[in-house]
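> predicted structure and sequence below. I'll ask about it afterward.
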Amino acid sequence: MPLTLPNLPYALNALEPHIDARTMEIHSQKHHAAYVTNANNALAGTPWADKAPEEIIASLAALPEDKRAAVRNNAGGHVNHALFWSVMAPPAHGGGGAPAGALAEAIAKAFGSFDSFKAQFADAAVKRFGSGWAWLVVKNKALAIVSTANQDNPLMGEAVAGSGVSGTPVLGLDVWEHAYYLTYQNRRADYIAAWWGVVHWAEVARRFQAAMG
Ligand code: MN
């Protein structure tokens, strides 16, 4: 089955004022849709066409060389955005606040405190030059912060995504300008500060438990 564009689990305007409806519309229905279409075009007719997208991006070296760049960018873009939509929620439906339980304990252990984690994550997101992502990953049964360029994902591994970049993402933040430019223009730090208000910690915790096994 080809990759499919997921429906957003909330209305386009549900994340306002943190993220505006027009940005959500273009981002999901134009940018993400294009990644899905282009990934399917690249994978069509190969044995990879029916595999899970996470498996595909973790296996780029096994893909035919002439497909590799298109799959890296577009299947990567699909996996990244599907996660991104899922780890946000309107404040009235669980967005914002702070994590609880085992995830909160793991964050405190890895980063000292929740506030320190937020500062370190925001720093990684602000310092990602150009287009890319900041990630909270589970690596060796512990949490770590990494960032990637373009549509790379930590699942691609160090050989693709860069030295030290590996693990299973449980939270991701898109810092491409298309994610924030309409409301925040060049003020990426303001977008990041506002984004904390819609992070869906219950979904991050679910992904954390799954990644910890
Ligand atoms: Mn994006």
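Yep, it's here.
> F117: neighbour count?
As a burial measure, F117 scores 21 neighbours (other Cβ atoms under 10 Å). In short, each C-beta sits where N, CA and C put it, glycine included.
> ok, G213 next?
For G213, the number of neighbouring residues by other Cβ under 10 Å comes to 7.
> now swap in N41 and tell me
Counted by other Cβ under 10 Å, the residues lying close to N41 total 13.
> and the least confident helix or strand in the chain by mean pLDDT, which residues are buried?
Between all helices and strands in the chain, the lowest mean by mean pLDDT, DSSP states H and E belongs to helix 158-161, at a mean of 94. By neighbour count, and taking 16 or more other Cβ atoms under 10 Å as the criterion, the buried residues in helix 158-161 are 160-161.
> let's verify the spatially closest residue to P2 that is not a sequence neighbour: helix, strand, or coil?
In space, not counting the residues next to it along the chain, P2 is nearest to N40; the distance is 4.4 Å by Cβ to Cβ, 6 or more residues apart in numbering. Secondary structure for N40, judged by DSSP: H, G, I helix; E, B strand; the rest coil, is helix.
> next up, the contacts around the closest residue to the ion within the chain.
Residue nearest to the ion within the chain (Cβ to the ion): D174, separated by 4.2 Å. Counting by Cβ atoms under 8 Å, 6 or more residues apart in numbering, D174 makes contact with 27, 80-81, 84, 133.
> mind redoing it with 7 Å?
The contact partners of D174, taken as Cβ atoms under 7 Å, 6 or more residues apart in numbering, are 84, 133.
> pretty sure G77 sits against N150.
No - with contact defined as Cβ atoms under 7 Å, G77 does not reach N150; the gap is 8.5 Å.
> okay, those two: which has more neighbours?
Taking other Cβ under 10 Å, G77 and N150 do not tie; G77 has more neighbours (25 against 15).
> the helix or strand that one falls within packs against which elements?
The secondary structure element spanning G77 is helix 65-86 (assigned by DSSP states H and E). The elements that helix 65-86 packs onto, with contact taken as 3 or more Cβ pairs under 7 Å, 6 or more residues apart in numbering; DSSP states H and E, are helix 33-43, helix 53-57, strand 168-174.
> tell me who's in contact with G167.
137-139, 144, 146, 154.
> ok, now V175?
V175 is in contact with 125, 128, 132-134, 188, counting by Cβ under 7 Å, 6+ apart.
> on that earlier part again, of the helices and strands packed on helix 65-86, which is nearest A159?
Within the helices and strands packed on helix 65-86, the stretch nearest A159 is helix 53-57; the backing value is 12.6 Å (Cβ to Cβ).
> cheers, nothing more for now.
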